[in-house]
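*Asks:* predicted model and sequence follow; I will ask about them next.
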2 protein chains.
Amino acid sequence: MSEAKGTDGQKQPTTRSRVARDLTAEEVDGVIADNFVAILATVADGQPYAVPFIYGYEDGVFYGVLSPGRKVRNIEQNPSVCVTIVQTEDTAKRWRSVVATGRASWVEGVLRLGHALNTIRRQYPGNPVRSAPGLAALKGFHMLRVDVDALTGRGTY
Amino acid sequence: MSEAKGTDGQKQPTTRSRVARDLTAEEVDGVIADNFVAILATVADGQPYAVPFIYGYEDGVFYGVLSPGRKVRNIEQNPSVCVTIVQTEDTAKRWRSVVATGRASWVEGVLRLGHALNTIRRQYPGNPVRSAPGLAALKGFHMLRVDVDALTGRGTY
């Protein structure tokens, strides 16, 4: 996850396997599509706080089901969030990461909640979309929506 | 990563595999010891920004080698950070996460840099501590030190 600059100002790898580069838009989309766990970073009073969540993604929007707690309180104080996805191979000698900054809000309404839940279920491996969205199971939870402002990717491969 | 509360106020799992609980201090230490990739969340101007890094941990302090960029600029503006470690099994049906909030600073001086580098190397699987710390390879990088203020863990197992 690091790269060095030589004295000539050109990038020089510390080891060949650690050379990082910007991912293309297609590669960023691939990392998002190939994973389903991300880190949601929130902030309150200048203190960041980041926890994992299971996400679904569609057209520039991340969805996730959040249990009550500090992350929810932080978002209600400040909707600016960051969603980070990391995939590693070979003891992290090969890695790709995607960082999305955006605005969080809560999904409300039966139709929108059903769509969000289906988006999460589509992303989750081995869990096919069911016709019944099971919205009753969401009672007491917040359905997160993150509208992405900026999306970048880095990686060694 | 979520749990539901029944109408009687007691916690009711949405599915048995998703019941989350607080980890014990020993379990938190285990998650830290068993992993070597974490997410570093920083903040500037109310916008969180989180990226992966390879860490070493010893006695309430995380170490990591950071390449230049937004994370470094954020820390120089606000040293409050969050370090998050996630481990998942069985398509994330089983998961544990550790969240550490703390203060970031830069390690300086040959002896302290050597100690930090060895701490990271000890943590990294299959990479034994070498007698030569290779400090020259750190040129152009920042050696991060995070002094942990609060450390919590959650998990389904």
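*Replies:* Ah, there it is.

*Asks:* and the helices in chain A?
*Replies:* Remark: helices assigned in chain A by DSSP state H are A:25-34, A:70-77, A:110-123.

*Asks:* mind listing what's buried in the second one?
*Replies:* For helix A:70-77, burial by neighbour count (16 or more other CB atoms under 10 Å in any protein chain shown) applies to A:71-72, A:74-75. C-beta here means a position set from N, CA and C on the backbone, and glycine is covered the same way.

*Asks:* what packs against that helix?
*Replies:* Packing partners of helix A:70-77 (3 or more CB pairs under 8 Å, 6 or more residues apart in numbering or on different chains; DSSP states H and E): strand A:37-44, strand A:47-58.

*Asks:* deepest-packed of those strands, please.
*Replies:* strand A:37-44 (a mean of 25; mean count of other CB atoms under 10 Å in any protein chain shown).

*Asks:* mind listing the strands that strand pairs with, and their directions?
*Replies:* Applying DSSP bridges, strand A:37-44 is found paired with strand A:47-58 (antiparallel), strand A:80-89 (antiparallel).

*Asks:* so can I have a markdown table of those showing mean pLDDT?
*Replies:* Shown next, in a markdown table, are those (pLDDT from 0 to 100):
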| stretch | mean pLDDT |
| --- | --- |
| strand A:47-58 | 98 |
| strand A:80-89 | 97 |
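
*Asks:* ok, back up a step: chain B: which of the buried residues of helix A:70-77 is nearest?
*Replies:* Closest approach between the buried residues of helix A:70-77 and chain B, by CB to the nearest CB: residue A:74, at 9.0 Å.

*Asks:* report the contact partners of the residue nearest the centre of chain A.
*Replies:* The residue lying closest to the centre of chain A (CA atoms, centre = their mean) is residue A:83, at 3.7 Å. Contact analysis of residue A:83 by CB atoms under 8 Å, 6 or more residues apart in numbering or on different chains lists A:38-41, A:55, A:62, A:99-102, A:146, A:148.

*Asks:* try it again with 7 Å
*Replies:* Counting by CB atoms under 7 Å, 6 or more residues apart in numbering or on different chains, residue A:83 makes contact with A:38, A:40, A:62, A:100, A:146.

*Asks:* sketch out the low-pLDDT regions of chain A for me.
*Replies:* For chain A, the stretches with pLDDT under 70 are A:1-18, A:126-133.

*Asks:* what distance do you get for the residue nearest to residue A:23 when sequence neighbours are not counted to chain B?
*Replies:* Distance criterion CB to CB, 6 or more residues apart in numbering or on different chains; nearest residue to residue A:23, sequence neighbours excluded, is residue A:153 at 3.1 Å. Using CB to the nearest CB, to the nearest Å, residue A:153 is found at 11 Å from chain B.

*Asks:* ok, and what's touching stretch A:91-102?
*Replies:* Stretch A:91-102 has contacts (CB under 7 Å, 6+ apart) with A:1, A:17, A:23, A:28, A:31-32, A:62, A:81-88, A:146-157, B:36-37, B:47, B:49-52, B:54, B:125-126.

*Asks:* now the buried members of those residues.
*Replies:* Buried by 16+ other CB under 10 Å: A:1, A:23, A:28, A:31-32, A:62, A:81-88, A:146, A:148, A:151, A:153-156, B:36-37, B:47, B:49-52, B:54, out of the contacts of stretch A:91-102.

*Asks:* next one: the closest residue to residue A:27 other than its chain neighbours from residue B:78, what distance?
*Replies:* Spatial nearest neighbour of residue A:27, excluding adjacent residues (CB to CB, 6+ apart): residue A:153 at 5.9 Å. Note on residue A:153: its distance to residue B:78, by CB to CB, to the nearest Å, is 25 Å.
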